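J.: Everything below, folded, please.
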Amino acid sequence: MALTVLCLVFTIILLLGAPVSFAIGLSCVATFMVEGLPLETPFQIMISGMNVFSFLAIPFFIFSGELMLHGGIADKIVDFARSLMGHVRGGLGLANVVACTLFGGVSGSPVADTSAMGGVMIPMMKKEGYSAEYAVNVTMHASLTGAMMPTSHNMIIYAFAAQSAAGMVGIHEIKGVSIGDLMFAGLIPAFWIMTCVLCAAYYQAVKFGFPKTSAGVSMISKFPGWLTVMRNLAAALPGLGVMAIIMICIIKGISTATEAAAMAVTYSLVLTVVVYRTMTREKLLKALAKGSRTTGVVLMLIGVSNMLGWQMAWLEIPERISAALLMATTTPWLMLLYINILQVILGIFLDMAAHILITTPLFLPLAMQMGVGPVQFGIMLLLNCTLGLVHPPVGTVQFVGCAIGGVSVNAVMRTILPYYLAIWTAIQLVTYVDGFSTWLPTLINHHLVL
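T.: Take a look at the predicted model:
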């Protein structure tokens, strides 16, 4: 009965158009009432879920990204990428991919990356002979690397959701998951995605003859010279330094991820206010307002998802799902394929933070039984979540890109397949090739990371 109420209320509220956090919270409260438990309990669980020191990294990472976004860092990254690759076939599209990847390392957010890079690159690409559909697809898929970078607050959310992970993976004992290991585990998959999206962008540029005027005349520009490239790189490097600060602090043991995030905010402020002098009072207030709103949304999702996690444990939902999947197969590769398919389907309907918080306790124990450690599973989960960002009906990144490009979702979906394949290959490599995501953190830590 309680499980029926939980699912029914959640579905009805979601169909009414309410935010996911409200649907989760109200369905949990309704379930507590049906079970006859004190109503104080769900709110205590919600507050305790948000009251975690490690979560201080989330507002810091978000605010640092907003400072970079409004402080003009994106323009300098675009100038560097364009001078490097703008002279080849589809060069502006390839430059867009590189710029989005680099800015993803600064912002740590696919949505912020699409907003910043899309606002600059999509109008520029349309003006210089690229179709709006091509410009939007290139921007939004390259921006997905932001979820895999060290500045990603979604990694902090996954680390919280997986903090109770314990058990054996093969002969190795697992207890929790390290945020630092996750940050380094995402780097190789992120650059693999960049490479695959570069290939997809080049393929479509050759196929459709981009860039060209409405009359079909090619508009490929000339290479500006290595001196210009190096000059633009020097201008962009300070902005990219925020990622280096975080990685160095964690590798050398100088600070925790939370403290490194605070340093990133300080660095971003000094860079945009003192060095570049691009941060105005209005831009700073806008960055504070946007960062506060995003932080509030994320923390509310964390709180209500903690309520949901408690309810799922109470109703033994993870055990039931594991039993059902184990009845379907006990073959590890097939089980992981089922998990990936379910994750992709769920990602179509859930926002990324909610997806991570809801599905981690469901699938992580099962993945560990199949020999996949929490770090490898975390990158696998993040990649699956990113597909939902570029697919309706939730598709936050897709809607932002389409709004900037002034193009319909249907038009973008017609040429999206090569970019989907780029993300899907990364998912398969992370899932079935252990070292693809865990090799780098293993090398840095001098011990096996799973």
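
J.: tell me the contacts of the residue nearest the centre of the chain?
T.: What sits nearest the mean C-alpha location of the chain, by Cα atoms, centre = their mean, is A147, with 2.3 Å. Contacts for A147 (Cβ atoms under 8 Å, 6 or more residues apart in numbering) come out as G104, G108, S109, P110, N154, G186, M352, L382, C385, T386, L389. (Each C-beta comes from the backbone N, C-alpha and C, glycine too.)

J.: And M155, by the same measure?
T.: I179, L182, M183, G186, G378, L382.

J.: How about L56?
T.: Contacts of L56 (Cβ under 8 Å, 6+ apart): T258, A261, A262.

J.: again with F10
T.: A23, I24, S27.

J.: In this structure, mark out all the strands, start to finish.
T.: Assigned by DSSP state E, the strands in the chain fall at 166-169, 172-175.

J.: from the contacts of A147, which is closest to L346?
T.: Nearest to L346 among those: C385, at 8.9 Å, using Cβ to Cβ.

J.: pLDDT value on the closest one, please?
T.: For C385, the pLDDT comes out at 88.

J.: Return the residues in contact with it.
T.: A147, N154, Q343, G347, M352, H355, I356.

J.: number of nearby residues for the residue lying closest to S107 once chain neighbours are set aside?
T.: Using Cβ to Cβ, 6 or more residues apart in numbering and skipping the chain neighbours, the partner closest in space to S107 is G65 (3.7 Å). By the criterion of other Cβ atoms under 10 Å, G65 has 33 neighbours.

J.: thought G65 was touching V111?
T.: No - using Cβ atoms under 8 Å, G65 is not in contact with V111; the gap is 9.8 Å.

J.: wait, isn't F55 in contact with L299?
T.: Yes - assessed by Cβ under 8 Å, F55 is found in contact with L299 at 6.9 Å.

J.: Buried residues, stretch 287-301. List them.
T.: For stretch 287-301, a neighbour-count test (16 or more other Cβ atoms under 10 Å) marks A287, K290, G291, T294, T295, V297, V298, L299, M300, L301 as buried.

J.: Let me have the residues you listed in JSON lines, adding distance to M327 and pLDDT as columns.
T.: Shown next, in JSON lines, are the buried residues of stretch 287-301 (distance: Cβ to Cβ, whole Å; pLDDT from 0 to 100):
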{"residue": "A287", "distance to M327": "51", "pLDDT": "85"}
{"residue": "K290", "distance to M327": "47", "pLDDT": "81"}
{"residue": "G291", "distance to M327": "46", "pLDDT": "82"}
{"residue": "T294", "distance to M327": "41", "pLDDT": "79"}
{"residue": "T295", "distance to M327": "42", "pLDDT": "80"}
{"residue": "V297", "distance to M327": "38", "pLDDT": "77"}
{"residue": "V298", "distance to M327": "36", "pLDDT": "77"}
{"residue": "L299", "distance to M327": "38", "pLDDT": "80"}
{"residue": "M300", "distance to M327": "36", "pLDDT": "81"}
{"residue": "L301", "distance to M327": "32", "pLDDT": "77"}
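
J.: coming back round to it: weakest of the strands of the chain in terms of mean pLDDT?
T.: strand 166-169 (a mean of 63).

J.: Identify the residue spatially nearest to A112, adjacent ones excluded.
T.: G65 (5.1 Å).

J.: Return the distance of the one you found relative to T295.
T.: 11 Å (Cβ to Cβ, to the nearest Å).

J.: next one: V106
T.: To T295, V106 is 18 Å away according to Cβ to Cβ.

J.: pLDDT wise, what is P393 at?
T.: At P393, the pLDDT recorded in the model is 67.

J.: What of M121?
T.: pLDDT, M121: 81.

J.: Tell me which residues touch it, please.
T.: Per Cβ under 8 Å, 6+ apart, neighbours of M121: V78, L92, A95, N96, A99, C100, A135, T139.

J.: Equivalent analysis for I193, please.
T.: Counting by Cβ under 8 Å, 6+ apart, I193 has contacts T101, H141, A142, L144, T145, M148, A422, I423, A426.

J.: between these, which is closest to K207?
T.: Using Cβ to Cβ, A422 comes nearest to K207 of those, at 15.5 Å.

J.: How many neighbouring residues does that closest one have?
T.: A422: 22 neighbours (other Cβ under 10 Å).

J.: For it, which non-adjacent residue is spatially closest?
T.: Excluding its sequence neighbours, the residue lying closest to A422 (Cβ to Cβ, 6+ apart) is C196, at 3.4 Å.

J.: how near is that neighbour to W333?
T.: C196 sits 22 Å away from W333, taking Cβ to Cβ as the criterion.

J.: Look at the residue nearest to A422 and say how many residues are nearby.
T.: C196 is flanked by 20 other residues according to other Cβ under 10 Å.

J.: Do I have it right that it meets W424?
T.: No - contact status for C196 versus W424: not in contact, 9.3 Å apart, counting by Cβ under 8 Å.

J.: so where is the stretch 351-450 of the chain shaky, pLDDT-wise?
T.: Residues of the stretch 351-450 of the chain meeting the criterion pLDDT under 70: 393-394, 448.
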